[in-house]
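fold the following.
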Amino acid sequence: MNLHFGTDGLRGVANQDLTPELVMGLGKAVAKVIPEKSFLIGRDTRKSGPFLQAALSAGLASQGLDVIDLGVLPTPALAYLATAMNMPAAMISASHNQYFDNGIKLLSQAGMKLPDTLERAIEDELAKVISYGYAAIPRTQTDGEMNLYKVGNITQDLSLKTRYVEYLAKLCEPAMPDIAKANLKIVCDLANGAAVSVAKDLFDKIGVEVELIADSPDGYNINYQCGSTHLSHLASKVVSSKANFGLAFDGDADRVLAIDESGKAIDGDQLMAMFAIDMHKNGILSPPMIAVTVMSNLGLHRSLKEHGIEVISTQVGDRNVLDAIEANGLLLGGEQSGHIIFRNTATTGDGLLTAVMLISLLARSNESLGSLAGKVMTKYPQVLINVPISSPVSIDQSVACRDAISAAKNLLGTDGRVLVRPSGTEPVVRVMVEAVTRIMADQVANDLVSVIEQEFV
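Residues are numbered from 1 along each chain as shown. The predicted model follows:
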């Protein structure tokens, strides 16, 4: 077995890495490690979603678990339903990747990703299933003359997602008068992904005029030149439509980035700065602290420090951010990429919840997104370069790389940052440099890339 749980579940090329045989075996393994009575399964809009969902359902049901197929819905909607219905769940999605990839995220009854220990146990059980040639592992037998093996039911309920929509709309109720008075018009890029299942109903409920783009999934166009990784079309549309702002989701809608009224991108750091400062001002950010990853901009750290808000940095990945939130009893955390966790209302990053919170904040503040974003923080120029590599590497193994990184940090001092790390999801080394000027950031980053290429490429 070449696939293992990473920072965002099990992921690979659909029908090549993630085969129906493997996924059915995974279902059997999950049933052995998480012996619950029922299981929820959702998916995004990828062509491979239905057959992988069928395979996972078959594996679970073959071991006696009842499966409820929720159809297409966002990952955070599934997390909400897992908590509300007290059932473990699986999301079939590869997030912001293109259609040919897919993945499986497993969630507990608490709506959170499984701990590492459980994921390792599932991997071990899956290895056993594979070693049997995908043959049946011991099943639970029922009593009776027929001595039949127990088989779970597989049912479908596409209506449960409305509970999630109603929940988010209810969170908006205190701000409804302000929202109505603000008369906001927004443009939403749904990435031809899971957000198409709930976005229109949600924005209609909270009374916002919305124009949807990238809202016609065909199984292949998820994240293709649209969504949170491709903002140019949304930016043009916001300006041409004279909208107040735009929102760009990713394929499974657990992240969102924004576009202000002038067409300028607003990233997760800026959004978190707005939310944190507003929550602190209103006395609800307790403790006065948020969790971010090492990729967050130096400008966020400096801005929040000026407002008396501490910042905890974690390794990349929303799982690491959530761990820091839980360990420190925090209410807010997230990533520059737009995964933002409001822990008092959700268990995971939620692009639609973030959108609702942003709409409420802007309506209350009576300011434009561009104006508010400009006030809360000044971004340092940040350069991010992905260096393709053929196999996983450890940067620390190279003396030349260590020396180059040390020299870069000394050069920038307290007016910049350097981060060099192998990706947890792609065969690349990520080089990130922040500096006072873009020219300096580019120079330092390119020098580091040259050393990495000499050592590993």
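
low-confidence ranges in the stretch 301-450 of the chain?
For the stretch 301-450 of the chain, applying pLDDT under 70 flags the ranges 392, 425.

the stretch 101-250 of the chain now?
133-149.

quick one: the helices in it?
With helices called from DSSP state H, counting those that start in this stretch, the stretch 101-250 of the chain shows them at 116-131, 161-171, 176-182, 199-206, 232-241.

for Ile395, which of those is the nearest?
helix 116-131 (22.8 Å; CB to CB). Every residue, glycine included, has its C-beta placed from N, CA and C.

report all helices and strands that the closest one contacts.
Helix 116-131 is packed against helix 20-33, with contacts defined by 3 or more CB pairs under 8 Å, 6 or more residues apart in numbering; DSSP states H and E.

name the residues that touch the helix it packs on?
Applying CB atoms under 8 Å, 6 or more residues apart in numbering, the contact partners of helix 20-33 are 1, 3, 10, 39, 51-52, 54-65, 90, 104, 106, 118, 121-123, 125-126, 128-130, 134, 137.

beyond that helix, next helix or strand please.
Downstream of helix 20-33, the next assigned helix or strand under DSSP states H and E is strand 38-43.

now that following strand - C-alpha only, PDB.
In PDB, the C-alpha atoms belonging to strand 38-43 read as follows (Å, rounded to 0.1, in the frame of the first residue of the first chain):
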ATOM      1  CA  SER A  38     -24.000   4.400  11.400                       C
ATOM      2  CA  PHE A  39     -21.800   6.400   9.100                       C
ATOM      3  CA  LEU A  40     -22.300   9.600   7.100                       C
ATOM      4  CA  ILE A  41     -20.700  10.100   3.700                       C
ATOM      5  CA  GLY A  42     -20.500  13.200   1.500                       C
ATOM      6  CA  ARG A  43     -18.600  14.200  -1.600                       C
END
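
who are the packing partners of it?
Contacts defined by 3+ CB pairs under 8 Å, 6+ apart place strand 38-43 against helix 49-62, strand 66-72, helix 75-85, strand 89-92.

tell me what the second one is packed against?
Right, the one you point to is strand 66-72. Packing partners of strand 66-72 (3+ CB pairs under 8 Å, 6+ apart): strand 38-43, helix 49-62, strand 154-156.

of these, which approaches Leu358 most closely?
So among these, strand 38-43 is nearest, using CB to CB, at 24.3 Å.

that closest one to helix 161-171, inter-axis angle?
80 degrees (axes from the mean of the first three to the mean of the last three CA atoms, to 10 degrees).

all further residue positions should be reported with the first residue as 84.
I'll keep to 84 as the first residue from here, and by that count the last item is strand 121-126.

would you point out which residue is most central in the protein?
With distances taken as CA atoms, centre = their mean, the residue of the chain nearest its centroid is Asp337 (4.3 Å).

and that residue, backbone torsions?
Phi and psi for Asp337, reported as degrees, to the nearest 10, are phi -100, psi 0.

tell me the contacts of it?
Contacts of Asp337 (CB under 8 Å, 6+ apart): 157-159, 178, 401, 422, 431-434.

picking up where we left off before, would CSV of the helices and strands packed on strand 149-155 with distance to Asp152 be doable?
Below are those laid out as CSV (distance: least, CB to CB, whole Å):
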stretch, distance to Asp152
strand 121-126, 6
helix 132-145, 7
strand 237-239, 4
